[in-house]
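# Build the 3D model from these lines:
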Amino acid sequence: MRVAFIHSSKDKRVANLARYMVGIFEKEGWTVKVIEAEDTTSPVSLRPFDLIFVGSQVLSLWGGKISQEVVNFLQGASGMEGKRAVAYVRPNLFGTDKALKKLMSKMESQGAFVVDFEALKGEKEAEDLVKRHLK
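Here you go, the predicted model:
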């Protein structure tokens, strides 16, 4: 099985959570590709992947904004149609639910089926999220 992790490298906490989850998938024998949203200059095809994880930080206190780099990446990416996808954010005091809904909406607008979502505070939640998809 192949999984892609897409996130912005600007928030180190989101990047660290992604690395932690990647390690769990790799221990189980999955092929994993980490894609940092800022580092892509050309459109990326997500067709080869069975599962796509998209993570973002919550940027606005009240508006629940997500990383613009992630939004731009998703708009330019191809091959998300019909793919199973998981959305996750690093929670903020306010706006976390709104940001998660915006991220899921952006993924669904690209044709992905969001099968799971969560606000991850730390490694325990990240591990639980990954284990739900290792089956």
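# So the residue most central in space within the chain: helix, strand or coil?
Most central in the chain under CA atoms, centre = their mean is Val54, positioned 1.2 Å from the mean C-alpha point. Following DSSP: H, G, I helix; E, B strand; the rest coil, Val54 is assigned to strand.
# Can we start the residue count at 12 from this point?
All set: I'll call the first residue 12, so the last point we hit is now Val65.
# Quick check: pLDDT value at the residue nearest to Gln121 when sequence neighbours are not counted.
Nearest non-adjacent residue to Gln121, counting by CB to CB, 6 or more residues apart in numbering: Met91, 4.2 Å away. Every C-beta, even on glycine, is put in place using the N, C-alpha and C of the backbone. In this prediction, Met91 carries a pLDDT score of 94.
# quick one: Met91 from Phe124, how far?
Separation of Met91 from Phe124 (CB to CB, to the nearest Å): 9 Å.
# what do you get for Lys132?
Counting by CB to CB, the gap from Lys132 to Phe124 is 25 Å.
# who does the worst-scoring helix or strand of the chain on mean pLDDT touch, helix- and strand-wise?
Sorted by mean pLDDT, DSSP states H and E, the helices and strands of the chain end with helix 79-87, the least confident at a mean of 91. Judged by 3 or more CB pairs under 8 Å, 6 or more residues apart in numbering; DSSP states H and E, helix 79-87 is in contact with strand 13-18, strand 62-68, helix 107-120.
# Give me the contacts around that helix.
Helix 79-87 is contacted by residues 17-19, 21, 46, 48-49, 51, 54-55, 65-67, 91, 114, 117-118, 121 when judged by CB atoms under 8 Å, 6 or more residues apart in numbering.
# and that helix, C-alpha only, in PDB?
Provided in PDB are the C-alpha atoms of helix 79-87 (Å, rounded to 0.1, in the frame of the first residue of the first chain):
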ATOM      1  CA  GLN A  79      -2.300  28.900   2.100                       C
ATOM      2  CA  GLU A  80       0.500  26.700   0.900                       C
ATOM      3  CA  VAL A  81      -1.600  23.600   1.500                       C
ATOM      4  CA  VAL A  82      -4.600  25.200  -0.300                       C
ATOM      5  CA  ASN A  83      -2.400  26.200  -3.300                       C
ATOM      6  CA  PHE A  84      -1.000  22.600  -3.400                       C
ATOM      7  CA  LEU A  85      -4.400  21.000  -3.400                       C
ATOM      8  CA  GLN A  86      -5.600  23.300  -6.200                       C
ATOM      9  CA  GLY A  87      -2.700  22.300  -8.400                       C
END
